[in-house]
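**Q** just to be clear, the model below is a prediction. Sequence and coordinates:
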Protein chains: 2
Amino acid sequence: MKTKGKATSFDIAHFAGVSQSTVSRALRNSPLVNEETRRKVWEVAKKLNYKVDKNASNLRTQQSATLAILLFEDPTGDESQINPFFLNMLGSITRACAKEGYDLLVSFQSISQDWRAEYEDSHRADGIILLGYGDYMDYQSRLQNLLAQDTKFVCWGAKVEGRQDLTVSCDNYGGGQLAAKHLIANGRKHCVFIGDASEHSPEFLTRFKGFKDILEQHNIPLGERNIANAISTEDSGYHATRSLLANNVKFDALFAASDLIAIGAIKALKEAGLKIPEDVNVIGFDNIAAANYITPSLTTIQQNTTLAGQMLVSNLLSLIRGEEITDTLLPPKLIIRETTSK
Amino acid sequence: MKTKGKATSFDIAHFAGVSQSTVSRALRNSPLVNEETRRKVWEVAKKLNYKVDKNASNLRTQQSATLAILLFEDPTGDESQINPFFLNMLGSITRACAKEGYDLLVSFQSISQDWRAEYEDSHRADGIILLGYGDYMDYQSRLQNLLAQDTKFVCWGAKVEGRQDLTVSCDNYGGGQLAAKHLIANGRKHCVFIGDASEHSPEFLTRFKGFKDILEQHNIPLGERNIANAISTEDSGYHATRSLLANNVKFDALFAASDLIAIGAIKALKEAGLKIPEDVNVIGFDNIAAANYITPSLTTIQQNTTLAGQMLVSNLLSLIRGEEITDTLLPPKLIIRETTSK
DNA sequence: CTACATTATGACACCGGTGTCAAAGTACAT
DNA sequence: ATGTACTTTGACACCGGTGTCATAATGTAG
C-alpha cells in the first residue's frame, strides 16, 4: 500500500474501497457516514500518513484557522535583537493562539518598507494582529486600505484620535499616573522624564501625560529641561541621562518611558556616582525580565503581556465572528522594587 | 468598478477586457504578455485592491514560501512565560525568514500532546523547524513519520545517535569543556553540576560530558554526589542548589546547564551566605539577557542565537532545494563576567 | 404490496489560481 | 501568394479538498 508523493483523499478512497466524498466526510467525522466505514477510512488514512491539504481545504471553505501577526521592527536599526517586550508579546500571542486552536503566521516588517504582507495575507489568515511601536502617522493610509478591504484586524498600542481601528493597549495614561503618585509618596520633588514625548510615539506620549498631570496637581512642574528624548533602547536611555547630568539638571526622581531606557539610565546614574534610590528614584515601564535582575532591581509599571496576548487574540476572534467589540484598556500595575525603596 | 467580496482574477479580467489567463500572467510579469496589456491589468488590480489568493496559488504550485516552526513547550508547566532562550531563537528565526523572503508559521506544541501540527502543516509550509528541549525518546517515532513522508525539516538541539534527522546545534560538548577549563584556570578543585544529565535532555547531557571529561583529565572527579538534577527553570536551579548545600557537599565551583538554573543557584548561594566568586565560581549556559543584568553578573557559555536562527533557516532552504547538507555545529563562546572573576 | 422516511453513498460542480496547448495575428523572407 | 517564425492571447484541465444533490439501500407504516 503505497502512493507516489503525498497521499491524497483519492488514494485513501482507492484503498478503502469507497468514494473520495465519503473519505472526506469520514475524516471530518460527519454523522452521515457509517461507523464501520469511518473506521476503515481512518485506518487507511493513518497507514498512509495522510493529512488534509490545508491549501485545498482553506481554498474551498474560505477560512484558515490561522491568524497573522505583523511585527514592526522597532525604530532602532539594531540587527541582532528584537525588543524584549515585543518578544514577550509574541510569545504570549503564540500561546493564546494555540489555546484557541489557531495557528499563527508571523511576518516581520520593516516600518519603512512596503507592507509586503499586509492584506496580502488576507487570504491565508482569518485576521491580523498589528504589533509594534509605529510611526503611526504612516500607518494611517495603510490602515485605510485594510478597513476598505474589510480585513479583520486589531492593533496593539495607543488609541489615536480619528483612527477607526480596534485597539488593545495598556492604560498608558494611568500607568504614568501611578508612577507619579509613587514618586510623590516617596517625597520626591524634582522629576525628569526620559523618552520620546511626541506624537511619533503615542504610547510614550500618553505615559508622559499621565505622569505630568499628576505632578502638576501637586505643584511639581515638568518643564522642557526636565525631559530628555530617547527611543526604547538601553543605549539611548544611557545617553539621554548623561546629557541631563551634563546640563546640570537637578532631579531626585526619574521616570523612563520603558525599562530598557531605565536600565540605560541606571548605568549613567551609577557612573555619575549617584546613589539609587537615595539620591535618585527610578521607575521604568513594561516589567521586562531584566528589571527584576538588575541591581538595584527596577521599580516599574507592569504591562501584563499574557493578558494582552489573550485579549488581542480573543478580540480578533470576536471581530471575525462578527460580534460587536470595543477597544480594550488593560490595567497597569506598579511593581515596587529597590530603585524606589530600601 | 466594484466587486462583491474580495476581488478575483476574473473580476480583473472583466474590467480589463482580457481573459483570466492573461491576468494571471500579467500580474506575475510574465514576458509573454504585451507591455500595454500588463499596465492595464496592474492598474485595474490596484484599483480593486486585488491580491492573489495564496491558498489557490499554493495549491496549484505546491509550494508556499512559508516555513513552519514547531515550538515545544519546555518541561515546566508554567503557563506564563516561554523560556527566554527559545524566545530569542524564535525572534532570530523570524528575522532570518523575513530576510529570505519566507513567512513563518508558528505552532505551539505541548510535548505530551499529539503533535497536532506535525506534518499536518506539511502542505502549508515548504519545510519545518523543530525547536525545543524534547523528551527525544518520544520524538523518535514521530520523526520517523516525517522522514517517511519525506517532509523537509531540521531540528535544533543535540544530535542523537541513530537519528536520521538533520540538526543544527551548539557544540554543547565543547561548551562544557570551555566551562571546565575556565574553572580549572581559576584554580578551582571541587566542582558540581546542576541540570539533568540523562538521555532525556541530550543537550544537558552533552554539556555535562564535556565538562566531566576535562575535569577528569585534571584529576578532578565528578561523582554522583556532585550532580544535582534540575530542569531549566530558576526555581528548579534554586532548589537543586539548596539540596546540595543541605547535603553538605563541598564545592568551590558550580556549572549550571542553563542560565536560568544558574540564576536560581546564585540566589540559593547568596542566601546561604556564600560569596560569589570568592567562595564559589558560577558558570551558566546560553547567555540570556538576564545573565548580564544579575549581580554578580553571570559568566556563561554563549549560544549565538542569531547565527543559529540563520543556520536553521538556510539549512532548511538548502534541504528544500535538494542540496546535500550536513549537521551544523555552532561554536560556543565563553563570556567571562563577575561570577568567575573580580 | 405500495408509500414514504431514513440512512449511506457516489457524482459532480466549485474554490481561485497556474501551466499547457492551440490558435489568431503580425512580420518577414522566399 | 506561400511558408516560417515569433508574439500574444484564450480555452481548458488541474491542484485537492468541500458541499449539494441525486440515488441506492433499508426500514416500516398503512
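**A** Received the coordinates, thanks. Just so we're clear, the structure is a prediction, and the values are computed from it rather than from any experiment.

**Q** from here on, contacts and neighbour counts on C-alpha atoms
**A** Noted.

**Q** which SSE is A:Gln177 in?
**A** Using DSSP states H and E, A:Gln177 sits within helix A:172-185.

**Q** helix or strand right after that helix?
**A** Past helix A:172-185, the next helix or strand by DSSP H and E is strand A:191-194.

**Q** ok, and what's touching the helix holding A:Gln177?
**A** With contact meaning Cα atoms under 8 Å, 6 or more residues apart in numbering or on different chains, helix A:172-185 is reached by A:158, A:203-204, A:206-215, A:253, A:255, A:281, A:283, A:300-301, A:331-334, A:340.

**Q** now do the buried residues in it.
**A** Of the residues in helix A:172-185, A:172-181, A:183-184 count as buried by neighbour count, 16 or more other Cα atoms under 10 Å in any protein chain shown.

**Q** setting aside sequence neighbours, what's the nearest residue to the residue in the stretch 101-250 of chain A that DNA strand C sits nearest to?
**A** When scored by Cα to the nearest atom of the strand, the stretch 101-250 of chain A has A:His123 as its residue closest to DNA strand C, at 8.8 Å. Excluding its sequence neighbours, the residue lying closest to A:His123 (Cα to Cα, 6 or more residues apart in numbering or on different chains) is B:Asp53, at 5.7 Å.

**Q** so where do the helices sit in the stretch 201-342 of chain A?
**A** Counting by DSSP state H, counting those that start in this stretch, one finds helices in the stretch 201-342 of chain A at the ranges A:202-217, A:234-246, A:259-271, A:289-293, A:305-320.

**Q** oh, that last question was meant for the stretch 51-200 of chain A, not what I typed.
**A** Counting by DSSP H, counting those that start in this stretch, the helices of the stretch 51-200 of chain A are A:54-61, A:84-100, A:136-148, A:172-185.

**Q** let me have those in a markdown table, extended by mean pLDDT.
**A** Output for the helices of the stretch 51-200 of chain A, formatted as a markdown table (pLDDT from 0 to 100):
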| stretch | mean pLDDT |
| --- | --- |
| helix A:54-61 | 92 |
| helix A:84-100 | 88 |
| helix A:136-148 | 64 |
| helix A:172-185 | 97 |
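
**Q** among these, which is nearest DNA strand D?
**A** Comparing the helices of the stretch 51-200 of chain A by Cα to the nearest atom of the strand, helix A:54-61 comes nearest, at 3.9 Å.

**Q** CA atoms only: put that closest one into CSV for me.
**A** Extracted in CSV, the C-alpha atoms of helix A:54-61 (Å, rounded to 0.1, in the frame of the first residue of the first chain):
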residue,chain,number,x,y,z
LYS,A,54,-4.9,22.8,4.1
ASN,A,55,-4.5,24.8,0.9
ALA,A,56,-7.2,22.9,-0.8
SER,A,57,-9.4,22.9,2.3
ASN,A,58,-8.9,26.6,3.0
LEU,A,59,-9.5,27.5,-0.6
ARG,A,60,-12.8,25.7,-0.6
THR,A,61,-14.0,26.8,2.8
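
**Q** check whether it comes near DNA strand C.
**A** Yes. Interface with DNA strand C: helix A:54-61 contributes A:56, A:59-60 (Cα under 7 Å from any atom of the strand).

**Q** residues of chain A that sit close to DNA strand D?
**A** So chain A meets DNA strand D at A:7-10, A:20-21, A:24-25, A:28, A:51-53, A:56-57, A:59-61 (Cα under 7 Å from any atom of the strand).

**Q** only the buried subset of the residues you listed, as a ChimeraX command please.
**A** Command for ChimeraX that selects the buried part of these, burial taken from 16+ other Cα under 10 Å:
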select /A:7,8,9,20,24,51,52,53,56,59
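
**Q** what number of residues lie near the closest residue to DNA strand C within the stretch 201-342 of chain A?
**A** In the stretch 201-342 of chain A, the residue that lies nearest DNA strand C is A:Ile320 (17.6 Å; Cα to the nearest atom of the strand). Look at A:Ile320: counted by other Cα atoms under 10 Å in any protein chain shown, it has 14 neighbours.

**Q** any idea how far it is from A:Ile128?
**A** Going from A:Ile320 to A:Ile128 by Cα to Cα, to the nearest Å gives 10 Å.

**Q** joint contacts of these two?
**A** In contact with both A:Ile320 and A:Ile128: A:Lys152, using Cα under 8 Å, 6+ apart.

**Q** picking that back up, wait, doesn't the residue of the stretch 101-250 of chain A closest to DNA strand C sit right on B:Ala56?
**A** No. In this structure A:His123 lies outside contact range of B:Ala56 using Cα atoms under 8 Å: 9.4 Å.

**Q** distance to B:Ser107 added to the buried residues of helix A:172-185, as JSON lines?
**A** Conversion of the buried residues of helix A:172-185 to JSON lines gives the following (distance: Cα to Cα, whole Å):
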{"residue": "A:Asn172", "distance to B:Ser107": "31"}
{"residue": "A:Tyr173", "distance to B:Ser107": "35"}
{"residue": "A:Gly174", "distance to B:Ser107": "35"}
{"residue": "A:Gly175", "distance to B:Ser107": "33"}
{"residue": "A:Gly176", "distance to B:Ser107": "36"}
{"residue": "A:Gln177", "distance to B:Ser107": "38"}
{"residue": "A:Leu178", "distance to B:Ser107": "37"}
{"residue": "A:Ala179", "distance to B:Ser107": "38"}
{"residue": "A:Ala180", "distance to B:Ser107": "41"}
{"residue": "A:Lys181", "distance to B:Ser107": "42"}
{"residue": "A:Leu183", "distance to B:Ser107": "43"}
{"residue": "A:Ile184", "distance to B:Ser107": "46"}
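
**Q** return the member of the residues you listed nearest to A:Asn287.
**A** A:Gly175 (12.0 Å; Cα to Cα).

**Q** let me see the contact set for A:Ile283.
**A** A:179, A:254-256, A:262, A:298-301, A:339-340.

**Q** and those, which is closest to DNA strand D?
**A** Among the contacts of A:Ile283, and counting by Cα to the nearest atom of the strand, the member closest to DNA strand D is A:Ile301, at 46.7 Å.
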